[in-house]
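Q: okay, predicted coordinates and the sequence, questions at the end:
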Amino acid sequence: MNSKLRVAASAALVCILAACASTGENLQRETARSIGGNVSPDQVTVSDVDRGVTNVKWKATAPGGKYECSADDMIRRVLCTKK
């Protein structure tokens, strides 16, 4: 019984971590928020996503130009700079 509980707990943890991953939609939303200027997430195109253990980097294109962005693994501290 103990091994079944351990497997179930591990599976639940994997599902929780997968839900917190930096999805394309999350990156679009946080890019729009970071660059401001009344840009909506659907106006942002994300590319070249590089996911590390503790951070994520990506490139974005929005109506105002092209940006290079980075954040922590939970996309809490987003920084986008115009290129």
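A: Nice, thanks for sending it over.
Q: which pLDDT value goes with the most centrally placed residue in the chain?
A: Relative to the mean C-alpha position of the chain, the nearest C-alpha, by Cα atoms, centre = their mean, is the one of residue 22, at 2.8 Å. For residue 22, the pLDDT comes out at 83.
Q: likewise for residue 40?
A: Note for residue 40: predicted pLDDT of 96.
Q: same deal with residue 17?
A: 49.
Q: quick one on the thing from earlier: element containing the residue nearest to the centre of the chain?
A: For residue 22, there is no helix or strand it lies in under DSSP states H and E.
Q: now it. Nearest residue, chain neighbours left out?
A: residue 56 (4.5 Å; Cβ to Cβ, 6 or more residues apart in numbering). Heads up, the C-betas are built off the backbone N, CA and C, glycines and all.
Q: now the helices for the protein?
A: For the chain, the helices defined by DSSP state H occupy 2-19, 24-35.
Q: the last one packs against which elements?
A: This points to helix 24-35. Applying 3 or more Cβ pairs under 8 Å, 6 or more residues apart in numbering; DSSP states H and E, one finds that helix 24-35 contacts strand 45-51, strand 55-62, strand 65-72, strand 79-82.
Q: rank the helices of the chain by pLDDT, which is bottom?
A: Taking the mean pLDDT of the helices of the chain, helix 2-19 comes last: a mean of 55.
Q: which one is residue 53 nearest to, not counting chain neighbours?
A: Closest to residue 53 by Cβ to Cβ, 6+ apart is residue 73, at 7.1 Å.
Q: so the one you found touches residue 22, yeah?
A: Yes: counting by Cβ atoms under 8 Å, residue 22 is a contact partner of residue 73 at 7.2 Å.
Q: find residues that contact each of those two.
A: The contact sets of residue 73 and residue 22 overlap at 51, 56 (Cβ atoms under 8 Å, 6 or more residues apart in numbering).
Q: excluding chain neighbours, what is closest to residue 46?
A: Residue 46 sits nearest to residue 27 (Cβ to Cβ, 6+ apart), 4.7 Å away.
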